[in-house]
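Undergrad: Next input, structure requested:
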Amino acid sequence: MSAISGDAEVQNAAVTLPEVEGGPRENKDVTKKQHGCLPGPYVTVGATVPTGFEKTAADEVQEKIGSESRISKDRGRIYFEISTDNLFQVHLLRSVDNLFVVVQEFPHYQFNDTKDSILEDFRQLAGQLPWANPLEVWELNNSLKKRKLQRRKINQESSPASKTPDESNKDDVPLACARLASGDQLHNGTTSYVAESEPTSDRPSETKESTLIFNDMVTDQISLDGHVTGKNENENEGETCGPLKFRVTCNRAGEKHIVTSMEVAREFGGAVQDLFKWKADMTRFDVEILLNIHDNEVVIGIALTEESLHRRNIVHFGPTTLRSTLAYGMLRLCSPQLTDIIIDPMCGTGAIPIEGALEFTHSYFLGGDNNLLAVNRSINNINSLQKKRLNKGRPNWGLPLDVVQWDICNLPLKTSSVDIVITDMPFGKRIGSRRKNWDLYPACLKEMGRVCRPETGRAALLTQDKKCFAKAISKMGHLWKKTQTIWVNVGGLHAAVYLLKRTSLSFNELFKTAKESQNKDISCKSGVEE
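TA: Below is the predicted model:
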């Protein structure tokens, strides 16, 4: 049988998960103080991050939220607890792609031997999960996004009088009309609705209504029939919204499963639909339920982000645009300090310098590329970002960032004038070729070593051509010392981020030594001829 089946939910969980006291991990509405935060209900939030940067993301969570993270090693996920009072802080994280609130975790879920029994177990599991607190967090997250949208619209308005009555009513509509079960049904996970006219022993016979405040202007009342009645000053009372739309997304990894992701999502989604009477919609959904399966680990969650946060800065994409979350991870590995000069000599669409200028405002960023089209894309991304910041009502001063066109092998920079070099080197697939990389990589490392400060200079270089890079770094061992290698997944490619430290050898001394060696060779040849 599965980890949860029949009526013995807690008992079976205690048997199959001996290391998890009291059964599977779940979100509980507990009140406590942590790291000086105000007391409030804490929930477990999961985040997907670039594979290989789990530790970097955990450090950011500890620094900005003050919560320790559990890391799923090499799986691109971290889990941490946060108070619902500070839920908005999760959207300020720069290293995460997607966020979701955890409904329940099963670290050692036991799968049955047959496909039918496995699918039946997942169908039963949907009715036994503690949905109440995660759905409340989802609603709170929607209200936060609604308020943010309203503030943005207010900033964009030139004057309040320019708004028509129809537009005013449109802005007052809640972000999503929710069709939820009653509180009792959410807590015990029953699979059937109780009609208003049918009293039960567990609940009073009179009709109950729970009020959810989405913002200061709108109050939505969720009745026992599962519909939401939205009321404000300009709307007729009793107007009812339709049912909530949802979809189930199953992410499965492992070789021992005899069921597919589509089959699990279909059965689990059918049970969720029977439970909440929601409407299934694969594209225009309000709620996305996540079912993550990795070997014997099963995690059920509700998405808090509609699209990946890595698209936050880039509007004009190129053939090899780097994810903003990956760019932030590379920047954080180099620990930029005050007044540091940081360059990206092959910036492409400008993902790294843009991300750095937004997060590390006390450093100066300079990006460049030999392709004029790439430089123009970077400039357009910067202009779009500045316009977006202006619409949000943020200060209109510029960013510590410039973009120029240059040759990577002949940078127009002074010797020993740069503190950090961070770049995404050509893999030799979509841009360039592996054959050209054998000449390009050593020349790049040499020029980077020239402009980088001896001893204190450092570099973070991303590449998938590992063999070529290893050969190049061996040739430039007098300029660079490799300190760490982080394996990452970039678009399905097994790549690596190499952290380098600049040696104490100055480039002038290197040039002087090379010149003396060259003169010595000439004199030796002359002596032989004589």
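
Undergrad: what about this structure, any weak spots by pLDDT?
TA: Low-confidence segments of the chain (pLDDT under 70): 1-40, 73-74, 146-241, 318-320, 396, 428-432, 511-530.

Undergrad: Make sure Trp487 is actually in contact with Ala496.
TA: Yes: here Trp487 reaches Ala496: they are 5.5 Å apart, a contact under Cβ atoms under 8 Å. (Glycine included, C-beta is placed from N, CA and C.)

Undergrad: Looking at the two, which is more packed in?
TA: More crowded of Trp487 and Ala496, by other Cβ atoms under 10 Å: Ala496, with 18 against 12.

Undergrad: and whichever strand or helix holds that one, what does it pack onto?
TA: Assigned by DSSP states H and E, Ala496 belongs to strand 493-502. Judged by 3 or more Cβ pairs under 8 Å, 6 or more residues apart in numbering; DSSP states H and E, strand 493-502 is in contact with helix 324-333, strand 458-463, helix 466-475, strand 480-490.

Undergrad: run the last query once more with 6 Å
TA: strand 458-463, strand 480-490 (3 or more Cβ pairs under 6 Å, 6 or more residues apart in numbering; DSSP states H and E).

Undergrad: Dump the ones you listed to a markdown table, plus distance to His294.
TA: Below are these laid out as a markdown table (distance: least, Cβ to Cβ, whole Å):
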| stretch | distance to His294 |
| --- | --- |
| strand 458-463 | 26 |
| strand 480-490 | 15 |
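
Undergrad: right, so these: which one is the most enclosed?
TA: Across the helices and strands packed on strand 493-502, averaging neighbours per residue (mean count of other Cβ atoms under 10 Å) puts strand 458-463 on top, at a mean of 23.

Undergrad: Between the helices and strands packed on strand 493-502, which one is closest to Leu440.
TA: Among the helices and strands packed on strand 493-502, strand 458-463 comes nearest to Leu440, with 10.7 Å by Cβ to Cβ.

Undergrad: Partner strands of that closest one, with direction?
TA: strand 420-424 (parallel), strand 493-502 (antiparallel) (DSSP bridges).

Undergrad: quick one, which of the ones you listed is packed in tightest?
TA: By mean count of other Cβ under 10 Å, the strands paired with strand 458-463 have strand 420-424 as the most buried, with a mean of 26.

Undergrad: related to what we said a few turns ago, Asp59 is nearest to which of the helices and strands packed on strand 493-502?
TA: Once these are compared by Cβ to Cβ, strand 480-490 is nearest, at 13.3 Å.

Undergrad: all helices for the stretch 201-350 of the chain, in order.
TA: With DSSP state H, counting those that start in this stretch applied, the stretch 201-350 of the chain shows helices at 261-276, 324-333, listed in chain order.

Undergrad: Any idea which of these gets closest to Thr483?
TA: helix 324-333 (10.0 Å).

Undergrad: Out of the strands paired with strand 458-463, which gets nearest to Phe80?
TA: strand 493-502 (23.3 Å).

Undergrad: Could you report the neighbour count for Glu255?
TA: 5.

Undergrad: Check the gap between it and Gly52 for me.
TA: Separation of Glu255 from Gly52 (Cβ to Cβ, to the nearest Å): 22 Å.

Undergrad: repeat for Tyr328
TA: 13 Å.

Undergrad: Spell out the secondary structure type for Tyr42.
TA: strand (DSSP: H, G, I helix; E, B strand; the rest coil).

Undergrad: quick one: it and Asp85 touch, right?
TA: No: look at Tyr42 against Asp85 with Cβ atoms under 6 Å: they stay out of range, at 9.6 Å.

Undergrad: Comparing these two, which residue is more hemmed in?
TA: Tyr42 (22 against 14).

Undergrad: residues contacting that one?
TA: Tyr42 sits next to 81, 83 when contact means Cβ atoms under 6 Å, 6 or more residues apart in numbering.

Undergrad: who does it bridge with?
TA: Ser83.

Undergrad: how far away is it from Val96?
TA: Distance from Tyr42 to Val96, by Cβ to Cβ: 18 Å.

Undergrad: sorry, back to before: the strands paired with strand 458-463: which one's closest to Val315?
TA: strand 420-424 (18.3 Å).

Undergrad: Tell me the helix or strand right after that closest one.
TA: Following strand 420-424 in sequence, per DSSP H and E, is helix 434-451.

Undergrad: Now do the buried residues in that following helix.
TA: Residues 437, 440-442, 444-451 are the ones in helix 434-451 that count as buried (16 or more other Cβ atoms under 10 Å).

Undergrad: swap in stretch 344-363?
TA: Buried-residue list, stretch 344-363, by 16+ other Cβ under 10 Å: 344-358, 360, 363.

Undergrad: before we move on, what about stretch 282-294?
TA: 285-293.

Undergrad: which two in the residues you listed are spaced the farthest apart?
TA: Across the buried residues of stretch 282-294 (Cβ to Cβ), the longest gap, 23.8 Å, separates Asp286 and Ile293.

Undergrad: Please name every helix or strand in contact with the strand or helix carrying Asp402.
TA: For Asp402, the host element (DSSP H and E) is strand 401-405. Judged by 3+ Cβ pairs under 6 Å, 6+ apart, strand 401-405 is in contact with strand 364-369, helix 372-391.

Undergrad: Swap in 7 Å and give it another go.
TA: helix 351-359, strand 364-369, helix 372-391 (3 or more Cβ pairs under 7 Å, 6 or more residues apart in numbering; DSSP states H and E).

Undergrad: contact partners of the second one?
TA: Read it as strand 364-369. Applying Cβ atoms under 7 Å, 6 or more residues apart in numbering, the external contacts of strand 364-369 come out as 341-348, 350, 353, 356-357, 375, 378, 400-406.

Undergrad: Repeat that for the first one.
TA: For helix 351-359, the external contacting residues (Cβ under 7 Å, 6+ apart) are 94, 313-314, 321-322, 324, 327-328, 330-331, 336, 342, 344, 347, 363, 365, 367, 381-382, 385, 399-401, 422-423.

Undergrad: still on that earlier bit, most tightly packed of the helices of the stretch 201-350 of the chain?
TA: Mean neighbour counts for those (mean count of other Cβ under 10 Å) peak at helix 324-333, with a mean of 25.

Undergrad: Could you export it as PDB, CA atoms only?
TA: C-alpha atoms of helix 324-333 as PDB (Å, rounded to 0.1, in the frame of the first residue of the first chain):
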ATOM      1  CA  SER A 324      18.600  36.100 -14.500                       C
ATOM      2  CA  THR A 325      18.600  33.700 -11.600                       C
ATOM      3  CA  LEU A 326      21.800  32.000 -12.900                       C
ATOM      4  CA  ALA A 327      23.400  35.400 -13.400                       C
ATOM      5  CA  TYR A 328      22.600  36.400  -9.800                       C
ATOM      6  CA  GLY A 329      24.100  33.100  -8.500                       C
ATOM      7  CA  MET A 330      27.400  33.800 -10.400                       C
ATOM      8  CA  LEU A 331      27.500  37.300  -9.100                       C
ATOM      9  CA  ARG A 332      26.900  36.200  -5.500                       C
ATOM     10  CA  LEU A 333      29.700  33.700  -5.800                       C
END
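
Undergrad: Identify all contacting residues around it.
TA: By Cβ under 7 Å, 6+ apart, helix 324-333 touches 49-50, 53, 56, 60, 94-97, 309-310, 312-314, 351-352, 355-356, 359-360, 422, 460, 462, 497, 499.

Undergrad: Spatially nearest residue to Glu355 (excluding sequence neighbours)?
TA: Ala327 (4.4 Å; Cβ to Cβ, 6 or more residues apart in numbering).

Undergrad: Pro454 and Glu509 touch, don't they?
TA: No: if you go by Cβ atoms under 7 Å, Pro454 and Glu509 don't touch, sitting 9.1 Å apart.

Undergrad: So for these two, which residue has more residues nearby?
TA: Per other Cβ under 10 Å, whichever of Pro454 and Glu509 has more neighbours is Pro454, with 18 against 11.

Undergrad: How many neighbouring residues does Gly254 have?
TA: There are 11 residues near Gly254, going by other Cβ under 10 Å.
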